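# here is my input, please return the structure:
(chains A, B, C and D)
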Amino acid sequence: MKKDKQVILTALLILAFAVVPFIVDSEKSYLVYSLFLFFCYIIISQAWNLVAGYTGQISLGQHAFFGLGAYTTALIWLNNITKTGYYFDPVTILLSGLVPATIAAIVGIPLLSRLRGDYFALGTLGMGEIIKVIFVKGGSITGASDGLHLPSSVYSSIRPYYWTGLFLAVFATLLIYLIVRSRTGLALKAIREDETSAAAHGIHVLKYKVLAFSIGAFLAGLCGSLYGIYLFHINPDSVLKLDWTLYPILMCVIGGTGTITGPLLGSFFISTVFSVADIYFVQMHPVMAGILIILVMKFMPKGLIGLTQRKEL
Amino acid sequence: MDANSVVIRLERICKRFGGLQVLSDVDLEVHEGEIVGLIGPNGAGKSTLFNVMTSLYRPDRGGIYLLGKNITGLPPHKICRMGIARTFQLVRTFLKMSVLENALTAAVYGQQHGRKNALQTAMEALELVGLYEKKDMMTVHITLSDRRLLELAMSLASMPAITLLDEPMAGLNPSETQNLLRVIQRGRNERNTAVLWIEHKVNAVLDFCDRVAVLDYGLKIADGKPDEIANDPKVIEAYLGEPHA
Amino acid sequence: MLEIQGLNVFYGDIQAVWDVSLHVDEGSIVALVGANGAGKSTLLRAISGITSAKEGEILFSGKSLKKLPPQDIVKMGISHVPEGRRLFSNLTVYENLKLGAYIPRSRRSVTQSIERAYDLFPVLKNRMNQKAGALSGGEQQMLAIARAMMSRPMILMLDEPSLGLSPMLVKTMFELIMNLNRQKVTILLVEQNIHQALKIADQAYVLENGKIAMTGKGKELLSDPEVQKAYIGTRWSKS
Amino acid sequence: MLEIPNLDIFIQLLINGILFGTMYGIAAIGLSLIFGTMRIMFLAQGSMIILFAYVSYWFFELLGLDPYISLFLIVLIGLGFGAGIYHGLFKGAAAQEDKNISLLIAVGLMFLVENLMTVFWTADPRTISTGYTSLVFRPMGIGIPFNRLMGFIIALFATTGVLLFLKKTYIGIAVRAAAEDMEAVTLLGINPHRVNSVVFAIGTGLAGIAGVELATIYPFDPFFGFIFVLKAMIALAIGGIGNVFGALLGGIILGLLESLSSFFIGGGWSDAVSYGVFLLILMFRPEGLMVRSVKKA
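Numbering: from 1, shown residues only, chains lettered A, B, ... in the order given. Now for the predicted structure:
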């Protein structure tokens, strides 16, 4: 009974989000744009949530996969590789997820087998910087520091961005939900709790860590692709900046890592704060992000979700 | 005893840490359905032996044979799936998972061919140790003795050929201890699981085990029936540091 | 001098010490014995303030220690030699000792205290400029005790001083402890080597699963068949 | 084919590398000390350096204060600021088992300082240009810029100072002991918060030195701090944690590596080389960076 209710409520909520562009003037309203950002944040924070919240591996290289996704889309488009239309082309977007996922698997094997805890975090940070250098130094293929320009004339409305974002956010959340509830989820959580014990109970630790890392990269890549299509100008400063790692961390910790609803709450909260900040104090939102991350970690390290959990104890 | 029924055989296991020889030439056999106690003073190398058997450490020399197959150096998860389950001295259950999820993890990943009926196996194991009622609780919220029982249930859920118990009774009160002993016995009776058991409470081991092996400073100094062990002067000396005055 | 009333100690949600009451008289040796995991170390950690989740009362000369952080408890005159010695192995023997006299009261007389430590443990003097990590097990244990004595404590709490030492050294260690006691240092001793511990203890408490199971004079407990049964095993006493 | 440079250029490259590398070294010492007692990588260290570079810049622009004079003032500010940061932000989290909390607070601080600087002072690169900025000594035809030489000398003094502090003072010995075992330190009557705040003060004081040096020799912008802290971590990985002199040496080796690789492979790629070395060390020479955590386990 209770579960049915939740499903119905969730479906209604998604439906409500889906009809927003019909109600407000999507091209003029700031609301549609900020909800679009909200959806992007959900995708990328769920990705980080799987890797860090459920598997216990703090990755500081999420921005690299986000950027890889954006660049993959741009490169496919500009070089006319798949010949499938490109603007909101599902094949391109999917490939933009698969390329980072593959790279994550390749670099993940050495990183995850050799580095634990802080060292893994630092290792992923180094990895992200190397990828950045490769793109900056990629010459004419990647357009160096100026990056790549997509034909922006195809833009007509923000609505397709909005719906694709919504779809991907639902997809990401559902994917994480299903993984976490599956047998794979058991292995991931066991690894988070105690790697040695997990191995002693028959779990192939490296395999599952790489799997989670790779799925995280897949989702980050999808998000990067969508955002890249929105920007039309893909360069290292826009899609390979550390913000794309820090924002998801912030949203996860504010909402509560290792829960499904935590990143949703966190994304909502942060995108609201950012939107308000952008309207009233230009350029201040990264500053506010910094203040928020400190305040949250200092006063409620379990996040918003932690507020409800504490009462149970 | 029939050689075919040997579940695990250790051959001349050696392990050094830095300058310290923790295990020297340890031989040990455990047979099907047998409960073997492993005793010895603190720092004698008992837990290290377990860590070598489950491949958390690689022995410097020597071999480990499970049901006749050489398993030395295989990764820990493979060893678990081949039939060695263990508990840890400092209980290592997965705290932020429910009791059932813990048992389920062991049932899903611990069995070689398993994965079918994992839920049923996990439930049975919980029932066997008497934790069925608490299956939906977060492990972090159950007591230490329940966590020990849960670890035991997890080892049972992986349907092992042998279970290694590392001080399962530490921190349990007498009635909890009785319960634990009953569970160990049931595991043996119903499934013919062999048990190798590190224990500090010597009298429990002597009362309960079919055979007892004694380690001291990394050497196996005795191995035999409980009665023989209890009267072995070498053992008494190892335990008390000096003979009874 | 030290009085514990109805102490309960928790690790997270787990209770490790249950309603323990005990007292340590000035100038005495008190032993806490019991099996691994009986809660002995936890009790010491609670007294010295490292473990903070506790109910009940810990009084030292009538003052409550319950809410104080470890550094303030040391200043009141309680020194704790933790399990496993916990020396600073990259620091020299001298530096280890010097740090022992960190608190203002003892810092003034650090030179005399170090001299006294060398008198008590002459081996340390020969090795004063070596790193503590290079010492043998027995020397390390001596250094750990000497370091704790640097603050000139009134009570010295020792956690398993005989652990990992050869039988010969164990004997020396217990002689040392008695020697310290003769110099008016009150001793609270945690031991698994019950035989030795009970031999030198004025008063002893047997802990089981975090509760006090028995108490009495050390020598009385030593000959108590109940203790024999619990620790050495019924069959062992036959030998 | 690689071009074989003549000896003069090669020596010039070495000297530049060494002189620049000392800055990394100074930052790395701060990181090393903080990691030693708190077990976190203080990722905001780079932003602190940039912050002090700005302070030194504004002292110069507004008050006409020579950077080598304001250095003393900045080090003092740094010491106080560091202790303040510890008490204000990290004190509560330091006691917690979960080190991620401290790590994330450091990340938040980095983010905050970085972006606050951008808001106040824009993202335009700045540099202090004094009468002696372009002064270069030329012993035997090898050019040694005055500012870099000064930086090198100051770094040596600072390192020696830190070493003496750790060897000779009571609290210094306590810092070294705390890097091994904080709990044992508190059992000797030492307040762990005092140790941590001293360590933060020194780390931030060193950031002040590095900031002034940076401002005199290199154009900086708010976001340079992140790159800087990464470089300091690489220096640390090379030199090994817990060894003050090793950290300085690691910085110098990194400086050499960058100077040589940017000449031979080309600027920009030198970063990739540094990060590559970093990853390789993390993975294959764990005794450098990981020695403590292994022992703890």
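# what's the least confident helix or strand in the chain, going by average pLDDT?
As the question left the chain open, I've gone with chain A. Lowest mean confidence among the helices and strands of chain A (mean pLDDT, DSSP states H and E): helix A:303-312, at a mean of 54.
# wasn't A:S113 part of a helix?
Yes - applying DSSP: H, G, I helix; E, B strand; the rest coil, one finds A:S113 inside a helix.
# burial check on B:V36, number of neighbours?
Here the number of neighbours of B:V36 (other CB atoms under 10 Å in any protein chain shown) works out to 21. (C-beta placed from N, C-alpha, C; glycine too.)
# could you do C:G133 as well?
Using other CB under 10 Å: C:G133 sits among 12 other residues.
# contacting residues around it?
Residues in contact with C:G133 (CB atoms under 8 Å, 6 or more residues apart in numbering or on different chains) are C:L87, C:S89, C:N90.
# just the buried subset of those residues, please.
With burial judged by 16 or more other CB atoms under 10 Å in any protein chain shown, the buried subset of the contacts of C:G133 is C:L87, C:S89.
# got a markdown table for the contacts of C:G133, with distance to C:K63 and secondary structure too?
Shown next, in a markdown table, are the contacts of C:G133 (distance: CB to CB, whole Å; DSSP: H, G, I helix; E, B strand; the rest coil):
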| residue | distance to C:K63 | secondary structure |
| --- | --- | --- |
| C:L87 | 30 | coil |
| C:S89 | 35 | coil |
| C:N90 | 36 | coil |
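# nearest to B:T105 among the contacts of C:G133?
Nearest to B:T105 among the contacts of C:G133, counting by CB to CB, is C:S89 at 38.1 Å.
# follow-up on the earlier one: tabulate the contacts of C:G133 (JSON lines), appending distance to chain A.
Formatted as JSON lines, the contacts of C:G133 follow (distance: CB to the nearest CB, whole Å):
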{"residue": "C:L87", "distance to chain A": "26"}
{"residue": "C:S89", "distance to chain A": "22"}
{"residue": "C:N90", "distance to chain A": "21"}
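# looking at the contacts of C:G133, which is nearest D:Y132?
Distance to D:Y132 across the contacts of C:G133 (CB to CB) is lowest for C:N90, with 42.3 Å.
# pLDDT below threshold where in the stretch 151-297 of chain D?
D:285-297 (pLDDT under 70).
# pLDDT wise, what is B:N179 at?
As predicted, B:N179 sits at a pLDDT of 81.
# how about the nearest residue to it, chain neighbours excluded?
B:G130 (6.7 Å; CB to CB, 6 or more residues apart in numbering or on different chains).
# may I ask which helix or strand encompasses the closest residue in space to D:S274 that isn't next to it in sequence?
Once flanking residues are discounted, D:S274 sits nearest to D:I234: 5.4 Å by CB to CB, 6+ apart. For D:I234, the element it lies in under DSSP states H and E is helix D:224-239.
# then C:G56?
C:G56 is located in strand C:54-60, with elements delineated by DSSP H and E.
# kindly report the same for D:E213.
Following DSSP H and E, one finds D:E213 within helix D:192-217.
# just to revisit the earlier point, and the residue nearest to D:S274, how far from D:V273?
In this view, D:I234 and D:V273 are 10 Å apart by CB to CB, to the nearest Å.
# out of the two, which sits in the busier spot?
D:I234 (28 against 18).
# remind me, longest helix of chain C?
Longest helix of chain C, by residue count under DSSP state H: helix C:167-182.
# other SSEs contacting that one?
Helix C:167-182 sits against strand C:29-33, helix C:110-120, helix C:137-149, strand C:186-191, helix C:194-200, with contacts defined as 3 or more CB pairs under 8 Å, 6 or more residues apart in numbering or on different chains; DSSP states H and E.
# list the buried ones in it?
C:L169, C:V170, C:M173, C:F174, C:L176, C:I177, C:L180, C:N181.
# how far off centre is that helix?
Here the centre of helix C:167-182 is set off from its chain's centre by 13 Å, with CA atoms, centre = their mean, to the nearest Å.
# got a list of contacts for it?
Here helix C:167-182 makes contact (CB under 8 Å, 6+ apart) with B:241-242, C:27-29, C:120, C:137-138, C:141-142, C:145, C:149, C:156, C:158, C:161-162, C:165, C:187, C:189, C:193, C:196, C:199-200.
# which among those residues count as buried?
Buried by 16+ other CB under 10 Å: B:241, C:29, C:120, C:138, C:141-142, C:145, C:149, C:156, C:158, C:161-162, C:165, C:187, C:189, C:193, C:196, C:200, out of the contacts of helix C:167-182.
# centroid-nearest residue for chain C?
C:L158 (1.4 Å; CA atoms, centre = their mean).
# please, which helix or strand holds that residue?
Using DSSP H and E, C:L158 sits in strand C:155-159.
# report all helices and strands that that strand contacts.
The elements that strand C:155-159 packs onto, with contact taken as 3+ CB pairs under 8 Å, 6+ apart, are helix C:40-47, strand C:78-81, helix C:137-149, strand C:186-191.
# how much does the longest one deviate in direction from strand C:155-159?
Just to be clear, that refers to helix C:137-149. 150 degrees (axes from the mean of the first three to the mean of the last three CA atoms, to 10 degrees).
# check whether helix C:137-149 contacts chain B.
No - Helix C:137-149 does not reach chain B (CB under 8 Å from any CB of the partner chain); its nearest approach is 9.7 Å.
# the closest residue to chain D within chain C: what's it in contact with?
In chain C, the residue found nearest to chain D is C:V74; the distance is 3.3 Å by CB to the nearest CB. Taking CB under 8 Å, 6+ apart, we find C:V74 in contact with C:S48, C:H80, C:I103, C:S151, C:P153, D:L187, D:L188, D:G189.
# let me have these in CSV, adding distance to chain B as columns.
Output for these, formatted as CSV (distance: CB to the nearest CB, whole Å):
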residue, distance to chain B
C:S48, 21
C:H80, 20
C:I103, 32
C:S151, 28
C:P153, 26
D:L187, 22
D:L188, 26
D:G189, 29
